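Undergrad: only geometry, no sequence info:
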């Protein structure tokens with residue numbers, strides 16, 4: 001006989017013979033359940049002896065095909081595979097995609113430029129004056145053109 005009324009996220013210390021026990025989910029946790037593959041099961045599959053989350057990932061080998069939008073409006077298809085819960089964080093997803101790695105490198109470069117702009121007093125003074133800013137932009141365009149020629 002249960003010591004607590006069965007419900008979502010409750011603890012049943014003595015489960016009824018026909019029922020299963022629930023493990024209490026602490027208030028600072030979120031349980032997220034989602035289908036991790038596009039493949040539809042023909043009929044539900046009962047798999048026994050899967051004891052851990054890693055066992056579930058190893059058995060089902062979830063993956064998903066994703067269409068990513070590029071800056072020029074075109075798209076690129078990527079396949080993400082999941083071997084554990086850690087594969088869902090941004091760093092793991094980025095490591096699986098050459099396109100996302102490239103974007104991450106560009107982002108890091110832009111952030112270094114922003115940091116440089118905020119800390120470089122001379123450059124800040126140049127950018128604040130419209131005439132010197134225009135001259136600086138023209139110099140950068142000339143430098144970029146020269147680099148492209150070589």
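TA: All right, it came through fine. A quick note: this is a predicted structure, and the numbers were derived from the prediction, not measured.
Undergrad: What segments of the chain are strands?
TA: 63-69, 75-81 (DSSP state E).
Undergrad: Lowest average pLDDT across the ones you listed?
TA: For these, mean pLDDT drops lowest on strand 63-69, to a mean of 89.
Undergrad: pLDDT at the residue lying closest to residue 117 once chain neighbours are set aside, what is it?
TA: Leaving aside its chain neighbours, residue 117 sits nearest to residue 123 (6.1 Å; criterion: CB to CB, 6 or more residues apart in numbering). Where C-beta positions appear, they are placed from N, C-alpha and C, glycine not excepted. Residue 123 is assigned 85 on the pLDDT scale.
Undergrad: So residue 123 sits against residue 114, correct?
TA: No: at 11.5 Å, residue 123 does not count as touching residue 114 under the criterion of CB atoms under 8 Å.
Undergrad: who's more crowded, these two?
TA: Between residue 123 and residue 114, counted using other CB atoms under 10 Å, the more crowded position is residue 123 (13 against 10).
Undergrad: distance of the more buried one from residue 76?
TA: Distance, residue 123 to residue 76, using CB to CB, to the nearest Å: 35 Å.
Undergrad: Could I get the strands of the chain in JSON lines, plus columns for distance to residue 45 and mean neighbour count?
TA: Shown next, in JSON lines, are those (distance: least, CB to CB, whole Å; neighbours: other CB atoms under 10 Å):
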{"stretch": "strand 63-69", "distance to residue 45": "17", "mean neighbour count": "11"}
{"stretch": "strand 75-81", "distance to residue 45": "20", "mean neighbour count": "13"}
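Undergrad: Format these as a markdown table; extra columns: distance to residue 147.
TA: Formatted as a markdown table, these follow (distance: least, CB to CB, whole Å):
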| stretch | distance to residue 147 |
| --- | --- |
| strand 63-69 | 28 |
| strand 75-81 | 27 |
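Undergrad: Centre-most residue in this structure?
TA: Closest residue to the average C-alpha location of the chain: residue 90 at 2.9 Å, with CA atoms, centre = their mean.
Undergrad: What segments of this protein are helices?
TA: Along the chain, counting by DSSP state H, helices occupy 53-60, 90-95, 98-119, 121-128, 130-149.
Undergrad: Redo those helices as TSV? Include distance to residue 71.
TA: Formatted as TSV, the helices of the chain follow (distance: least, CB to CB, whole Å):
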stretch	distance to residue 71
helix 53-60	33
helix 90-95	17
helix 98-119	9
helix 121-128	25
helix 130-149	18
